[in-house]
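Asks: Kindly generate the corresponding structure for this input.
(2 chains)
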Protein chains: 2
Amino acid sequence: MSTPTQGTPPTNPSATVSTTGPVLVVGSGLLGTSLALALSAAGVEVQLEDTSPTSLALARDMGAGRPRDPQDEEPRLVVVATPPDVAAAVVIDQLAAHPGAVVTDVASVKERVAAEVSASAGRQARRYVGSHPMAGRERSGAGAADADLFVGRPWVVVAEGSAPEAELAVRNLVVDVGATPVRMGAAEHDAAVAAVSHVPQLVSSLLAARLEGLPENALSLAGQGLRDTTRIAASDPRLWSAIVVGNAGPVTGILRQIRDDLDRLIDGVSAAALPPGSPQLAAPGRAAVLAPGAVGAVTDVMTRGGAGRARIPGKHGGAPRRYAEVQVLVPDSAGSLGRLFSDVGDLGVNIEDFDMEHSAGQSVGIATLSVLPSAAQALEKALDARGWRVVVA
Amino acid sequence: MSTPTQGTPPTNPSATVSTTGPVLVVGSGLLGTSLALALSAAGVEVQLEDTSPTSLALARDMGAGRPRDPQDEEPRLVVVATPPDVAAAVVIDQLAAHPGAVVTDVASVKERVAAEVSASAGRQARRYVGSHPMAGRERSGAGAADADLFVGRPWVVVAEGSAPEAELAVRNLVVDVGATPVRMGAAEHDAAVAAVSHVPQLVSSLLAARLEGLPENALSLAGQGLRDTTRIAASDPRLWSAIVVGNAGPVTGILRQIRDDLDRLIDGVSAAALPPGSPQLAAPGRAAVLAPGAVGAVTDVMTRGGAGRARIPGKHGGAPRRYAEVQVLVPDSAGSLGRLFSDVGDLGVNIEDFDMEHSAGQSVGIATLSVLPSAAQALEKALDARGWRVVVA
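Replies: Got it, this is the predicted structure:
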C-alpha cells in the first residue's frame, strides 16, 4: 500500500537568467506568446508587437508582456515569431528599426530566411542569428501558448555569418527558457527538418487522405498503427503549406526518393495481384510462388524501414535503448490508472515510457509500461500479486 | 492524499463459454498460441499441431494445450493459425482430415483464402468460415503469446458460402476469448484492412527507410511526430510480405492513389524550389508569391488528410470524441507518474487517454491526460494546488 507524497515539480529552468532585457517579441502566435510567457516568468522585460490587435491583447492579458510603445527603451534582442513566409521580411525590418539589437527568428526553415536577410541587410545581417525551437503543438495561436513549451526541447541555432556576441545572446535566450541549443548550418538544418518533420507530416497526410472515402465499418477495424501513423495529419494546413513551400528543395528531394521506392513497391506487388476467379487461385499458396518479386519488394522496403526506424534516438537523446514492456489490463474507471502507477511507484520502478490502448466495444484498456529490462520480471510478479491481470510476454 | 486500493482486474471474459471442445489449433505462433491459451484458461480442451516440434513444445509448456495424437477425440472446431501464404492449403487439408469439424483460419487476407478453399474443397467448403482477429504485436512467436491478446478487439467473421451452424461455432469462439465479432464479406474485409492496416504499414516503412542515410545530428531533432509515424516500421518483414502479397490487388489500388497524390504534391511543391543564390531570394517572402500552386498542393493534401484522420473512431468504437487535454510536467524519477495518477484518482477523474513525451537532454517529461471537457478545468486547478506544473492550454 503506498502513501503517495505531493507531486514534486521539476527544477525551475529559469533559476539563473542570462538574458538581460528588454526583449521585443514580434508575433503573438503559439511560439511568440509561449516565449514571451517564459521570459516574463523569468523576470525579463518583454515588449510585444503583432499586426493583429486581438492577438496582441490576448498575449498581454495572458501575462506575456506589454505592447511596445515608441517611447519604450530600445530592445537588446528582437525575436521574430511570425508565420515562416514573412519571417525574412520582418527580420529585415527589425534590423533596420533597432540598429543596436540582435535579431533572431523562430521559423522552421533557415536557409531561405538567411539568404534573404543577407541579400537585403548586407553588413547588418551580422546582428541576425537564425534559430528554430523543435517545439509545437497541434493547436496554434496565443490561446494555446505555454511558458513551458520549450522545456527539454532541442533548439537549433544557425549563426553562419553572425557576430559571436549575437550568437551568444540567442544561445542565452534558448537556455533561459529551458531548451537545449543545437548548432547547425542553415542547409544542414533544412535537410534535417525536411526528413524528420516536414516529409513525415506530408506522408501522414497522404496516408490519412485515403480514409476520406472509406466505409464506416472499415474504419471500425482501425488499430493503434493507423492512429499513430495519422496522428499528425490533424495539423494546420495553412501553417504547414508555408513551411513546406519555404523548404521546397529538401522536401521534394526526399519525396522523390519515396516516390522511387513507392514505384518499385507498386511494380513488385502488382505482379501478385490476380483478378478474382483467376485459375491460379485454385492452386493453394500460389501467390508467393507466382510473384517472388512481390515478396522481395515488400521485404526490401520493410527491412530498410526497420533499419531507419532503429536509428531514431531514444529518450533523453541517447542511443535507442531497448526497454522491457510490461502489459497490464486496466478497467475503464476513475482511479484505475492511479492505482496501477501507485503500485508501480511502491516498487521503486521508474516508468521510462507508457502507452495506453483502447479497443472497440470493451471497457478495458491495455497499459504498456516500458521499464529497464532488469526491473521487468519483478514488476510483473509484484503486479500479479496485487491482483492485476498482467499480460505475459 | 489517496489511499489506493488493490487493482481490480476486469471481469473474466470467459465466464460463460459457448465453445464445446475439443478445439484443434494448427500453428503455434503468436495468434495460435494466444488463442489456445485463452481457450485452455476457459476450460476448453485444446489440441495443438505445428510443423515445428520446437514451437509445439513451447506452446505446450506455456499451458496452451497438448499436441494432438491420432488416437485423440475428433475436434469439433479446427483453427488454422499458420502464416497467411499457406493458410488456404492447410484449411483444405484440415477439411479433408476432419470431415465432421468446422474449420476456420485467422489469416489477415480473406478473399484469396476463400477462393482457394472454395475451388479445391467444393461442397466441403460449407464447413469453412474465414476469420481475422484485429490483434497482434510487433513481436511474433509462441513466446510472445498472451491469453488476453483478443480481449476487446474486433474479430472479423467472413461466412459467405458457409453453413449457418459453422458461422455460429466461429462466432462463439470469438466471444469466448473476449473479442467482438464483426461480420463482413471477404472482398469488403480485404479492402478495409488494406486501407487501415496494410497500406499504413508500407507507408510507415517507406518513410522510415529515408532515415537510413540521415546524419546523426539530424536524427537528434526527431520529435513525437516522427516517432509516431514510424513506430510500426519496426514490424516483421517476413510476415508482412506474405500479408501484402496475399492482398496485392486492394493494396496496390490504394498505393496507386497515394502515388497520384504524391505526384501532384511533388509537382506543386517543386515549383517553389529555387536554386541557392537565386535572384528571387533577394526579395523577401517571394516563395509563396512565386508558387501559389505549391501552397495549393500542400493545402489540398493536408485538408483531405485532416478530414480522413477525423473519421477514425475514438475509444470504445464510438464516434470520435473531443477530450480536453491537461498537460503536466513530470520529473523523471521513480514514482512521479504514480503520484500524478494517484492525485488524479483522488479527484474521481477518469483518464480517457494518456501520452508521455520525452525530449533530448532533459530529465523531465510532459504527460498529456485526456479527460472529459467538463472535468478539465477543475483538474488543472487541483493539480496546480498540489504542486504540479500544469501547462496552461
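Asks: Give me the below-cutoff pLDDT ranges for chain A.
Replies: Across chain A, the ranges flagged by pLDDT under 70 are A:1-15, A:137-139, A:274-290, A:314-322, A:332-334, A:357-364, A:392-393.
Asks: Could you pull out the buried residues of whichever helix in it runs longest?
Replies: Under DSSP state H, the helix in chain A containing the largest number of residues is helix A:248-270. By neighbour count on 16 or more other C-beta atoms under 10 Å in any protein chain shown, the buried set for helix A:248-270 is A:248-255, A:258-259, A:261-262, A:265-266, A:268-270. Quick note: C-beta positions are derived from backbone N, CA and C, even for glycine.
Asks: can you map out the helices along the stretch 151-300 of chain A?
Replies: Using DSSP state H, counting those that start in this stretch, the helices of the stretch 151-300 of chain A run over A:164-176, A:186-193, A:199-209, A:216-219, A:224-230, A:237-246, A:248-270, A:286-290, A:292-309.
Asks: Could I get the contacting residues of A:Ala147?
Replies: If you count contacts by C-beta atoms under 8 Å, 6 or more residues apart in numbering or on different chains, A:Ala147 has them with A:34, A:37-38, A:40-41, B:392.
Asks: Can you give me the neighbour number for the closest residue to it other than its chain neighbours?
Replies: Closest residue to A:Ala147 apart from its sequence neighbours, by C-beta to C-beta, 6 or more residues apart in numbering or on different chains: A:Leu37 at 3.9 Å. Here the count is done by other C-beta atoms under 10 Å in any protein chain shown, and A:Leu37 has 25 residues near it.
Asks: can you tell me which residues contact A:Leu37?
Replies: So A:Leu37 contacts A:62-64, A:145-147 (C-beta under 8 Å, 6+ apart).
Asks: following whichever strand or helix holds it, which helix or strand comes up?
Replies: According to DSSP states H and E, A:Leu37 maps onto helix A:30-41. Downstream of helix A:30-41, the next assigned helix or strand under DSSP H and E is strand A:46-49.
Asks: Can you spell out which helices and strands pack onto whatever helix or strand comes next after that next one?
Replies: Where DSSP H and E defines the elements, the next helix or strand beyond strand A:46-49 is helix A:53-61. Under the contact definition 3 or more C-beta pairs under 8 Å, 6 or more residues apart in numbering or on different chains; DSSP states H and E, helix A:53-61 sits against helix A:30-41, strand A:46-49, strand A:66-67.
Asks: So which of these is nearest B:Gln94?
Replies: helix A:30-41 (59.0 Å; C-beta to C-beta).
Asks: Tell me the residues of the stretch 51-200 of chain A that contact chain B?
Replies: Within the stretch 51-200 of chain A, the residues that sit near chain B (C-beta under 8 Å from any C-beta of the partner chain) are A:85-86, A:88-89, A:92, A:111-112, A:115-116, A:119-120, A:134, A:139, A:144, A:146-149, A:151-154, A:156, A:178, A:180, A:182, A:184, A:187-188, A:191-193, A:195-197, A:199-200.
Asks: Can you select the buried ones from those in PyMOL?
Replies: Typed into PyMOL, the line below selects the buried ones among those, using 16+ other C-beta under 10 Å:
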select buried, chain A and resi 85+86+88+89+92+111+112+115+116+119+120+134+144+146+147+148+149+151+152+153+154+156+178+180+182+184+187+188+191+192+193+195+196+197+199+200
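Asks: related to what we said a few turns ago, ok, of the contacts of A:Ala147, which one's closest to B:Ala209?
Replies: So of those, ranked by how close each gets to B:Ala209 (C-beta to C-beta), first place is A:Ser34, at 34.2 Å.
Asks: Determine the number of other residues adjacent to that closest one.
Replies: A:Ser34 has 30 neighbours, counted by other C-beta under 10 Å.
Asks: Next one: it relative to A:Arg153, how far apart?
Replies: As judged by C-beta to C-beta, to the nearest Å, A:Ser34 and A:Arg153 stand 11 Å apart.
Asks: same deal with A:Asp176?
Replies: A:Asp176 is 14 Å from A:Arg153, by C-beta to C-beta.
Asks: Same question for A:Gly293.
Replies: Taking C-beta to C-beta, one finds A:Gly293 at 44 Å from A:Arg153.
Asks: any chance of the helices and strands packed on helix A:53-61 in TSV, with distance to A:Thr20 too?
Replies: Below are the helices and strands packed on helix A:53-61 laid out as TSV (distance: least, C-beta to C-beta, whole Å):
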stretch	distance to A:Thr20
helix A:30-41	11
strand A:46-49	12
strand A:66-67	18
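Asks: Please identify the most buried of these.
Replies: Highest mean neighbour count among the helices and strands packed on helix A:53-61 (mean count of other C-beta atoms under 10 Å in any protein chain shown): helix A:30-41, with a mean of 26.
Asks: Okay, angle between that one and helix A:53-61 too, please.
Replies: Calculated by axes from the mean of the first three to the mean of the last three C-alpha atoms, to 10 degrees, helix A:30-41 forms an angle of 30 degrees with helix A:53-61.
Asks: export helix A:30-41 as CSV, just CAs?
Replies: Taking Å, rounded to 0.1, in the frame of the first residue of the first chain, the C-alpha atoms of helix A:30-41 are listed here in CSV:
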residue,chain,number,x,y,z
LEU,A,30,1.8,30.0,-30.2
LEU,A,31,5.6,30.3,-30.3
GLY,A,32,5.9,34.1,-29.7
THR,A,33,3.5,34.1,-26.8
SER,A,34,5.0,31.0,-25.3
LEU,A,35,8.4,32.5,-25.4
ALA,A,36,7.2,35.8,-24.0
LEU,A,37,5.4,34.0,-21.2
ALA,A,38,8.6,32.1,-20.3
LEU,A,39,10.8,35.2,-20.4
SER,A,40,8.3,37.2,-18.4
ALA,A,41,8.0,34.5,-15.8
